[in-house]
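**Q** I'll drop the sequence and a predicted model, then ask my questions.
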There are 2 protein chains.
Amino acid sequence: MQTIDFWFDFASPYSYLAAMRVEKLATEAGVSLRWRAFLLGAIFKSHGLDNTPMLKHPHKANYMWRDMQRLCADIELVWQQPSEFPRNGLIAARIACWYEQASWLPEFVRQVYCANFQQDKDIADTTVLAHLLIGLGLDPQQILTNAQSQDAKDKLRQSTEEAMQSGVFGAPFFIAAEEPFWGQDRLEHAVAWCQARRR
Amino acid sequence: MQTIDFWFDFASPYSYLAAMRVEKLATEAGVSLRWRAFLLGAIFKSHGLDNTPMLKHPHKANYMWRDMQRLCADIELVWQQPSEFPRNGLIAARIACWYEQASWLPEFVRQVYCANFQQDKDIADTTVLAHLLIGLGLDPQQILTNAQSQDAKDKLRQSTEEAMQSGVFGAPFFIAAEEPFWGQDRLEHAVAWCQARRR
């Protein structure tokens, strides 16, 4: 089975679209999926860019919000432009990275995106994250403590470094059987790439 | 009939893909098409960006070339990475802008793109452009002289200004019944947008 590495950043609107779509597409195509949280801001910084290149010019920013509204309407996905952007996804990313293998992880990722882009909730707030974890039948205190351990911090740093080394420069980003695809609108291409190369 | 304004820059690889596809899609959909040459570099400059944001980082540049190769292969379109990038499309753009209404214009535009991205020819060279015009049964001296007149220079400057005012910040860019779509992979969306709003 070929694998797609799905690199996502919790602040990224286009990653929200990808996160809501990727599992179904991968499953239907018989492609294995790895959920890879990382911090896009750290990569932007290493490239000498600030945290929000899409906000640099009002035309570009307006376009992104309009485009998100259209793309979500197309697939009947709820969309609300967040009142704060970009939101700080650091703790959520540490949880997603540390618990990468957990069976509840995909649903947790989707719920964090929904909190940010459907309910306009502050995903930097541990109360918001704890609430989501409780809803999944999990122990929020244990998970938040583990995710803030030095090992978990290091793991997210290493993942972000791995993303950078693998050529990731935006989000979402798919590495499909070593082939890079940038952007949520390339998700189908990434899946098809793997499918065509199934051993 | 609804209209798509197709904004293109001759140096832009993704505009090449759009230029080769747009007419067929618009015709099939019963959507009217305007070929709008402009200078993306002038807009980048006004946004404080240099001429080639995609070349800023090697990962991004490598991605773009790889992506172009893949996308062209997908639709069986010849692709050769130009030995010089970005090429200076100023004169070609002045021709395309001045002769926007000419029946030969779409074919001229496609041939300039093919010269740049299939044959690795220097589209800044008037000999190359003259050769293309002769191939179309036209008088290259007259066209080149007209396209370098002050009126033609002003017209391209005004078109670029219009693009900027309309929110164009990249290429290709489609304005479909006043709705903006950025990127060659949004061409189908732009056409569908017009089609759904046909009067």
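**A** Great, that's in hand. Residues are numbered from 1 along each chain as shown, chains lettered A, B, ... in the order given.
**Q** Low-confidence regions, chain A specifically.
**A** For chain A, applying pLDDT under 70 flags the ranges A:51, A:199.
**Q** repeat that for 80
**A** A:50-56, A:198-199 (pLDDT under 80).
**Q** quick one, strands of it?
**A** A:3-8, A:32-37, A:173-176, A:179-182 (DSSP state E).
**Q** Make CSV out of those strands and add distance to A:Q158 and mean neighbour count.
**A** The way it works is simple: take the backbone N, C-alpha and C, and place the C-beta from them, glycine included. Output for these, formatted as CSV (distance: least, C-beta to C-beta, whole Å; neighbours: other C-beta atoms under 10 Å in any protein chain shown):
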stretch, distance to A:Q158, mean neighbour count
strand A:3-8, 14, 24
strand A:32-37, 11, 20
strand A:173-176, 16, 26
strand A:179-182, 19, 21
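**Q** want to throw these into JSON lines with distance to chain B?
**A** Shown next, in JSON lines, are the strands of chain A (distance: least, C-beta to the nearest C-beta, whole Å):
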{"stretch": "strand A:3-8", "distance to chain B": "13"}
{"stretch": "strand A:32-37", "distance to chain B": "16"}
{"stretch": "strand A:173-176", "distance to chain B": "9"}
{"stretch": "strand A:179-182", "distance to chain B": "6"}
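**Q** Now render these as TSV, adding distance to A:A61.
**A** Output for the strands of chain A, formatted as TSV (distance: least, C-beta to C-beta, whole Å):
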stretch	distance to A:A61
strand A:3-8	21
strand A:32-37	25
strand A:173-176	21
strand A:179-182	19
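**Q** out of these, nearest to A:R21?
**A** strand A:3-8 (10.2 Å; C-beta to C-beta).
**Q** outside of the closest one, which residues touch it?
**A** For strand A:3-8, the external contacting residues (C-beta atoms under 8 Å, 6 or more residues apart in numbering or on different chains) are A:15, A:18-19, A:22, A:26, A:31-38, A:109, A:163, A:166, A:168, A:171-177, A:190-191, A:194.
**Q** if you set the cut-off to 6 Å instead, what comes out?
**A** Residues from elsewhere that reach strand A:3-8, judged by C-beta atoms under 6 Å, 6 or more residues apart in numbering or on different chains: A:15, A:19, A:22, A:31-36, A:38, A:163, A:168, A:171-176, A:190, A:194.
**Q** likewise stretch A:134-144?
**A** With contact meaning C-beta under 6 Å, 6+ apart, stretch A:134-144 is reached by A:104, A:126, A:130, A:133.
**Q** Helices - which of these land there?
**A** Per DSSP state H, helices hold the following members of the contacts of stretch A:134-144: A:126, A:130, A:133.
**Q** from those residues, which is closest to chain B?
**A** Using C-beta to the nearest C-beta, A:T126 is the member of those that sits closest to chain B, with 33.6 Å.
**Q** ok, that closest one - contacts?
**A** By C-beta under 6 Å, 6+ apart, the contact set of A:T126 is A:L144.
**Q** Same check on A:A176?
**A** Contacts of A:A176 by C-beta under 6 Å, 6+ apart are A:4, A:190, A:193-194.
**Q** which residue packs closest to it, ignoring adjacent ones?
**A** Nearest residue to A:A176, sequence neighbours excluded (C-beta to C-beta, 6 or more residues apart in numbering or on different chains): A:A190, at 4.0 Å.
**Q** mind listing the helices for chain A?
**A** Going by DSSP H, chain A shows helices at A:13-29, A:40-46, A:58-74, A:90-98, A:105-117, A:126-135, A:140-147, A:150-165, A:187-196.
**Q** For those, please prepare a markdown table with the additional fields distance to B:D120.
**A** Formatted as a markdown table, those follow (distance: least, C-beta to C-beta, whole Å):
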| stretch | distance to B:D120 |
| --- | --- |
| helix A:13-29 | 33 |
| helix A:40-46 | 32 |
| helix A:58-74 | 31 |
| helix A:90-98 | 43 |
| helix A:105-117 | 44 |
| helix A:126-135 | 53 |
| helix A:140-147 | 52 |
| helix A:150-165 | 32 |
| helix A:187-196 | 26 |
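**Q** Write out the residues of chain A neighbouring chain B.
**A** A:47, A:57, A:59-60, A:63, A:167, A:169, A:180, A:185 (C-beta under 6 Å from any C-beta of the partner chain).
**Q** make it 7 Å
**A** Within chain A, the positions near chain B by C-beta under 7 Å from any C-beta of the partner chain are A:47, A:56-57, A:59-60, A:62-63, A:167, A:169, A:180, A:182, A:185.
**Q** neighbours around A:Y99, how many?
**A** By other C-beta atoms under 10 Å in any protein chain shown, 20 other residues sit near A:Y99.
**Q** That one touches A:L105, doesn't it?
**A** Yes - between A:Y99 and A:L105 there is a contact under C-beta atoms under 7 Å: 5.4 Å.
**Q** Quick one: neighbours of A:R198, just the number.
**A** By the measure other C-beta under 10 Å, the count of residues near A:R198 is 11.
**Q** Thought A:Q2 was touching it, still the case?
**A** Yes - A:R198 is within contact range of A:Q2, at 5.7 Å (criterion: C-beta under 7 Å).
**Q** Quick one: neighbours of A:G137, just the number.
**A** Neighbourhood size, A:G137 [other C-beta under 10 Å]: 7.
**Q** Then A:V191?
**A** A:V191 has 25 neighbouring residues, counting by other C-beta under 10 Å.
**Q** Look up the closest residue to A:F10, ignoring the ones flanking it.
**A** A:G89 (2.8 Å).
**Q** Near that neighbour, how many other residues are there?
**A** Neighbour count for A:G89, taken as other C-beta under 10 Å: 25.
**Q** wait, isn't the residue nearest to A:A176 in contact with A:I175?
**A** No - A:A190 is not in contact with A:I175 according to C-beta under 7 Å; the separation is 8.1 Å.
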